[in-house]
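*Asks:* what follows is a predicted structure for the sequence shown.
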Amino acid sequence: MRMRAPIAVVSGALALSTLTVPSAQADGGGPSPSGAPSAFAADPTTGKLTGIIVNGGADVVVGTAVKKFSVEVSASDEGGVERTAAALYQGLYLTSKALITSYEAHPAPCERTATSATCRFVFEAHPKSHSGSSYLDLQNKHAGVWKTAGGGFRGLDAPGRTVVVAEDIHYGDVSLKRAAKLTADASPESVRRGADVTVKGTLSRANWDTHRYDGFGGGAGKVKLQFKKAGGAWQTVKTVSADSRGKVKATVKASVDGSYRLAYGGSTTTGKATSPADTIDVR
């Protein structure tokens, strides 16, 4: 897990110093990496953070393996912007232990105009116990809403000093969710018109603490049974709840040939899931 340096709160500009400088350098414990500033100007910011787009605007849904996602950060200032930076965090920015920053990300070249810059990064979300990583170890408790912070930076106005021209330590929110899976099996697959068709399945979601998928249900496990006849569109015919083990069961009357599937709409902490379709033949 990446450790973060204590921050001396002289001004808002210094709050963003940990977006681009690792903890050792921020503490003065070693030289700055190539291109990274050794100190940040405490001057008031003059520009504006104009955008932080995480994962193209979609939720970040993480399974049991490392998930890569894009973060695009834009800033503007009349004097120009050389680069931008960003962080995702929970809680209070200055004290958060749940933090992922652009310092750890894979940067792409920035697009610049005379007064703005847009930089793109590839962030990574690592489930717990991913050995050898400087990233935060995601645990189940981290699933949910995260805040976004960002800044824009320009050159040196004095030896070793970078100017923060734009900043926002709570620009917006993004959801990091545990991935879900859903199966479905309709039986019998050959059935008489008017007879019962039973669809069974299992709803499970990623356990970031153990790196496996566990069944879940109860009040959070509302599942829709959907049907589509040949050439038609999917329609919801019934809503049921998964039990505590994630088991789902729904029974309906057969009418025409078609396919059944199960669909879970997700929650604030869990992603959506749709099962593969299973086809029946009505005689």
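*Replies:* Perfect, I can see it now.

*Asks:* residue 191 is in contact with residue 251, correct?
*Replies:* No. Using CB atoms under 8 Å, residue 251 makes no contact with residue 191, being 11.7 Å away. Yep, even glycine has a C-beta here, placed from its N, CA and C like the rest.

*Asks:* give the residues shared as contacts by the two.
*Replies:* Residues touching both residue 251 and residue 191 (CB atoms under 8 Å, 6 or more residues apart in numbering) are residue 197.

*Asks:* between these two, which one's more packed in?
*Replies:* Comparing residue 251 with residue 191 by other CB atoms under 10 Å, the one with more neighbours is residue 191, at 19 against 12.

*Asks:* how about the more buried one, what does it touch?
*Replies:* So residue 191 contacts 197, 254, 280-283 (CB under 8 Å, 6+ apart).

*Asks:* which among those count as buried?
*Replies:* Those of the contacts of residue 191 that meet the buried threshold are 197, 254, 280, 282, by 16 or more other CB atoms under 10 Å.

*Asks:* quick one, phi psi at residue 255?
*Replies:* The phi and psi values for residue 255, taken as degrees, to the nearest 10, are phi -130, psi -50.

*Asks:* direction included, what does the one helix or strand residue 123 maps to pair up with?
*Replies:* Residue 123 is part of strand 116-127 when elements are defined by DSSP states H and E. Sheet pairing of strand 116-127 (DSSP bridges) gives strand 67-76 (antiparallel), strand 106-107 (antiparallel), strand 111-112 (antiparallel), strand 137-138 (parallel).

*Asks:* and the third one, how far from the chain's centre?
*Replies:* So that's strand 111-112. Distance, stretch centre to chain centre, for strand 111-112: 25 Å (CA atoms, centre = their mean, to the nearest Å).

*Asks:* do the second one as well
*Replies:* Shown here is strand 106-107, whose average C-alpha point lies 17 Å from the average C-alpha point of the whole chain (CA atoms, centre = their mean).

*Asks:* so for it, mean pLDDT?
*Replies:* The average of the pLDDT scores along strand 106-107 is 76.

*Asks:* before we move on, what about stretch 248-256?
*Replies:* Per-residue pLDDT values across stretch 248-256 average out to 96.

*Asks:* what residues does it touch?
*Replies:* 182, 184, 191-203, 217, 221, 223, 225, 227, 229, 237-238, 240-242, 262, 280, 282.

*Asks:* just the ones of those residues in strands?
*Replies:* Cross-referencing the contacts of stretch 248-256 against strands under DSSP state E gives 182, 191, 196-203, 223, 225, 227, 229, 237-238, 240-241, 262, 280, 282.

*Asks:* quick check on the residues you listed: which are buried?
*Replies:* For those, buried by 16+ other CB under 10 Å: 182, 191, 197, 199-203, 223, 225, 227, 240, 262, 280, 282.

*Asks:* so of those residues, which two are at opposite extremes in space?
*Replies:* Pairwise distances across these (CB to CB) peak at 26.8 Å, for the pair 203 and 282.

*Asks:* that older thread, for the contacts of residue 191, give me JSON lines that also has distance to residue 135.
*Replies:* Below are the contacts of residue 191 laid out as JSON lines (distance: CB to CB, whole Å):
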{"residue": "197", "distance to residue 135": "46"}
{"residue": "254", "distance to residue 135": "50"}
{"residue": "280", "distance to residue 135": "46"}
{"residue": "281", "distance to residue 135": "50"}
{"residue": "282", "distance to residue 135": "52"}
{"residue": "283", "distance to residue 135": "56"}
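
*Asks:* nearest to residue 246 among the residues you listed?
*Replies:* residue 197 (21.1 Å).

*Asks:* look up the pLDDT of residue 18 for me, please.
*Replies:* Residue 18 is given a pLDDT of 53.

*Asks:* buried ones in stretch 86-96?
*Replies:* For stretch 86-96, by 16+ other CB under 10 Å, it's 86-90, 93, 96.

*Asks:* now swap in stretch 247-254 and tell me
*Replies:* 248, 250, 254.

*Asks:* how near is residue 135 to residue 87?
*Replies:* Applying CB to CB, to the nearest Å, the value for residue 135 to residue 87 is 12 Å.

*Asks:* before we move on, what about residue 49?
*Replies:* 12 Å.

*Asks:* relative to strand 67-76, how tilted is the helix or strand harbouring residue 145?
*Replies:* For residue 145, the host element (DSSP H and E) is strand 144-158. Angle of strand 144-158 versus strand 67-76, following axes from the mean of the first three to the mean of the last three CA atoms, to 10 degrees, is 50 degrees.
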